[in-house]
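Chemist: Have a look at this prediction, sequence included:
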Amino acid sequence: MESEAVNPIVPEPPVVRMRDLVFRRNRRTILDGVSIDVNRGSIVAFMGPSGVGKTTILQLICGRLRPDEGSVEVNGHRISEMSSRELQSFRRHIGVLLQDGALFTDLTVFENIATPVREHSNLPEALIRRLVMSKLNAVGLGGTEDLMPHELSGGMARRVAFARAVVMDPCLMLYDEPMNGLDPIAVSTIRTLMRETNDALDMTSLVVTHDVGEMRKLADYCYILSEGKIAGEGTPQALCDSHEPNVNQFMNGKVDGPIPFNYKLSEGQWGLLD
């Protein structure tokens, strides 16, 4: 009796795929041969000292910057080869949360969250209101829709910005220091929203942060950048246990190590951009 053939499990391709990425600004080498894979449904953190190109990676992923060498692919599409119109369509599927929230100061909470919907859809007003209110309720701010940004606390403003970022149910979320400047309760709230929303909507999230403690609670995988390269990668716990000097110094907050207090310029390395 012939045995039945067993189909091998083919791993799903990564949502974000970077290969041999080089990015320069004038004579500054910001990223130098970086290769990264981000799996679907995961929360991946980009960490490292200030000025090593973490935010630059997010800008390359959303097409605001183009690499000098190498490739950036999202869901199999090479970003650097997209036209302006293709990039505009592509960005509809990406949510962005900046560290200051970047709310429109002259719009109400409701209008802030409704703005991406009005920009990228033709939904009737009744459906827009239902969608906005569902996102506000999801972040625990039902009843604040008529408030202005200056009437919100820092934590509330960050939650409104979060609701705006996910109102279109993006497949990819980009966070740039999302917990910066918040009190411990607000930090826990944002972290919980990030995890629950990522899992509930089957999103993939990329987080730029310096907060090692919070990433140990949130991230599935981390990349540590140093001097324009990947100094280490792995789970947060594995990186905390790493014996690689750059990784160990950063993850454990050590004063002594290869990362200097005073940045020393070298030839071809004229300061790095974050």
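Modeler: Good, I have the coordinates. Numbering: from 1, shown residues only.

Chemist: Please go through this structure and pick out the longest helix.
Modeler: helix 184-200 (DSSP state H).

Chemist: From the rest of the structure, what touches that one?
Modeler: Contact with helix 184-200 is made by 41, 43, 138-140, 153-155, 158-159, 162, 166, 173, 175, 178-179, 182, 203-205, 207, 214, 217-218, as judged by Cβ atoms under 8 Å, 6 or more residues apart in numbering. Yep, even glycine has a C-beta here, placed from its N, CA and C like the rest.

Chemist: need the helices for this protein, in chain order.
Modeler: 54-61, 84-90, 109-120, 125-138, 154-166, 184-200, 212-218, 236-240, 245-251.

Chemist: Show me what the first one is packed against.
Modeler: Counting by 3 or more Cβ pairs under 8 Å, 6 or more residues apart in numbering; DSSP states H and E, the packing neighbours recorded for helix 54-61 are strand 16-25, strand 28-38, strand 43-47, strand 69-74, strand 172-176, strand 204-208.

Chemist: Now do that helix against strand 43-47, angle only.
Modeler: Using axes from the mean of the first three to the mean of the last three Cα atoms, to 10 degrees, the inter-axis angle of helix 54-61 relative to strand 43-47 is 130 degrees.

Chemist: Please put the alpha-carbon coordinates of helix 54-61 into PDB.
Modeler: What follows is helix 54-61 as a C-alpha-only set of coordinates in PDB (Å, rounded to 0.1, in the frame of the first residue of the first chain):
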ATOM      1  CA  LYS A  54      16.300  53.500  13.200                       C
ATOM      2  CA  THR A  55      13.700  56.100  12.000                       C
ATOM      3  CA  THR A  56      15.400  56.100   8.600                       C
ATOM      4  CA  ILE A  57      14.400  52.400   8.200                       C
ATOM      5  CA  LEU A  58      10.700  53.400   8.700                       C
ATOM      6  CA  GLN A  59      11.000  56.100   6.100                       C
ATOM      7  CA  LEU A  60      12.500  53.700   3.600                       C
ATOM      8  CA  ILE A  61       9.700  51.200   4.300                       C
END
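
Chemist: All further residue positions should be reported with the first residue as 55.
Modeler: New numbering, starting at 55: the last item is helix 108-115.

Chemist: mind listing what's buried in that helix?
Modeler: Within helix 108-115, the residues that qualify as buried are 108-115, counting by 16 or more other Cβ atoms under 10 Å.

Chemist: residues of the helix or strand of the chain with the lowest mean pLDDT that come out buried?
Modeler: Using mean pLDDT, DSSP states H and E, helix 299-305 stands out as the lowest-scoring helix or strand of the chain, at a mean of 75. Going by neighbour count (16+ other Cβ under 10 Å), the buried part of helix 299-305 is 300-305.

Chemist: now stretch 285-292
Modeler: For stretch 285-292, by 16+ other Cβ under 10 Å, it's 285-287, 290.
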